[in-house]
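Engineer: Turn this into a model:
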Amino acid sequence: MQRSKRGTATLLLLLTTAAWGTSFPLGKAALAAMERALPGRESWFFSALLMVARFGLAALILWLAQPRAFARLTAYEWRQGIGLGLCAALGMLFQANALGYSAASTTAFLTQFTCVLVPLAVFYRDRRPPSARVGLCIALVLAGVAVLAQFDWHTLRLGRGEGETLISAVFFTGQILWLERGVFHGNDTHRVSLAMFGTIALVLAPVVWFHARRAQDLAVLAASWPLVAVVLTLTLLCSLFAFLMMNRWQPQVDATTAGIVYCAEPLFATVFALFLPGWIAPFLGGPYANEAITPHLLLGGALITLANFLIARAPRAG
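Structural biologist: Alright, predicted model coming up:
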């Protein structure tokens, strides 16, 4: 029975990474549609607005499902949800903005830099030096990032999209470390998710307000039903389904198994980016070409994925 439950959890977590993988091409398509509807606006406006719409709507749905959830939130659930929301809001803001300057598959792979930052932070916290395995993984990820981002060794700089994705990885690292804190064990994941989603929307709402030129901007975007449909899909599939599934099923497997399963996210994103743009473009009424498999994508993605697998299989103590 235990083995069967573990197998079910592993399969459902794999399904979760597939849902996350769709968020990269879908998010890129939504941002492009927003820019066509409101040309000349700052990219931060569209990125923040997409996150506020996704997670504000997700919080509303959770609240409607359990109207008394807010009243039942404990102090520790508020603390966990707000901490997760702060890290996720900043991480996803930079990640969404990066989609306007980088390919969806590239952004997905570079986000996996968290798989190296997390163990490094744990080693620093516990005052334990990294093992040879961790050192090898760091080298593999750095090489993969350089190849995938086509790092310019002459000017020593990354492109804007790649740089913002790496910044987002730092905030996602904080999110993972906050979620793993032992003091939060026993919290209700539904109520924590509600606090997290609400925090994301509240934190990013001022960014939207600051960059909005007029009140009619939101009405213009809301009038596009294809755009609303894409945002609703992102909300239901990539916000509600994915985060609730992760919170529900990850405790049923060991950390090594979960780490390996999560490594499938950029692979799903790459596969979806090969055909989803061609399907979405006619629906949204704008150009969005399918991505192609390039040598940079294959080599850089392979190095980062290999590092993630090695990190996931490393002994807990490092």
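
Engineer: contacts and neighbour counts: CA atoms only from here.
Structural biologist: Fine.

Engineer: Check which residues of the helix or strand harbouring residue 63 are buried.
Structural biologist: Using DSSP states H and E, residue 63 sits in helix 43-65. Neighbour-count burial for helix 43-65 flags 43-59, 61-63 (criterion: 16 or more other C-alpha atoms under 10 Å).

Engineer: so for it, what's the average pLDDT?
Structural biologist: The average pLDDT for helix 43-65 rounds to 93.

Engineer: residues contacting residue 183?
Structural biologist: Residue 183 makes contact with residue 76 under the criterion C-alpha atoms under 8 Å, 6 or more residues apart in numbering.

Engineer: helices or strands next to whichever strand or helix holds residue 82 in the packing?
Structural biologist: Residue 82 belongs to helix 75-98 when assigned by DSSP H and E. Applying 3 or more C-alpha pairs under 8 Å, 6 or more residues apart in numbering; DSSP states H and E, one finds that helix 75-98 contacts helix 43-65, helix 160-179, helix 189-211.

Engineer: circling back to that earlier point, I'd like to check the angle between the helix holding residue 63 and helix 189-211, please.
Structural biologist: 150 degrees (axes from the mean of the first three to the mean of the last three C-alpha atoms, to 10 degrees).

Engineer: Could you verify my assumption that residue 178 touches residue 83?
Structural biologist: Yes: judged on C-alpha atoms under 8 Å, residue 178 makes contact with residue 83 at a distance of 6.9 Å.

Engineer: Could you point out which residue ranges in this structure have low pLDDT?
Structural biologist: The model of the chain has pLDDT under 70 over residues 1-4, 6, 130, 148-157, 254-260, 263, 308, 311-318.

Engineer: report the longest helix in it, please.
Structural biologist: Counting by DSSP state H, the longest helix found in the chain is helix 2-37.

Engineer: Give me the distance between that helix and the centre of its chain.
Structural biologist: Its chain's average C-alpha position is 9 Å from that of helix 2-37, according to C-alpha atoms, centre = their mean, to the nearest Å.

Engineer: And for stretch 35-54?
Structural biologist: For stretch 35-54, the distance to the chain centre is 18 Å (C-alpha atoms, centre = their mean).

Engineer: Stretch 47-60 now?
Structural biologist: On C-alpha atoms, centre = their mean, the centre of stretch 47-60 falls 14 Å from that of its chain.

Engineer: what do you get for stretch 202-212?
Structural biologist: 20 Å.

Engineer: about what we covered before: take the helices and strands packed on helix 75-98 and write them to a markdown table, including distance to residue 87.
Structural biologist: Output for the helices and strands packed on helix 75-98, formatted as a markdown table (distance: least, C-alpha to C-alpha, whole Å):
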| stretch | distance to residue 87 |
| --- | --- |
| helix 43-65 | 13 |
| helix 160-179 | 5 |
| helix 189-211 | 9 |
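
Engineer: Spatially nearest residue to the residue minimising distance to the centre of the chain (excluding sequence neighbours)?
Structural biologist: The centre of the chain sits closest to residue 92, judged by C-alpha atoms, centre = their mean, with a distance of 6.1 Å. Leaving out its chain neighbours, the residue that sits closest to residue 92 by C-alpha to C-alpha, 6 or more residues apart in numbering is residue 168, at 6.5 Å.

Engineer: what about the one you found, neighbour count?
Structural biologist: By the measure other C-alpha atoms under 10 Å, the count of residues near residue 168 is 27.

Engineer: Could you do residue 306 as well?
Structural biologist: 17.

Engineer: List the buried residues of the strand or helix carrying it.
Structural biologist: For residue 306, the element it lies in under DSSP H and E is helix 295-313. For helix 295-313, the neighbour count (16+ other C-alpha under 10 Å) marks 296-297, 300-312 as buried.

Engineer: next one: stretch 29-40
Structural biologist: Result for stretch 29-40 [16+ other C-alpha under 10 Å]: buried residues 29-35, 37.
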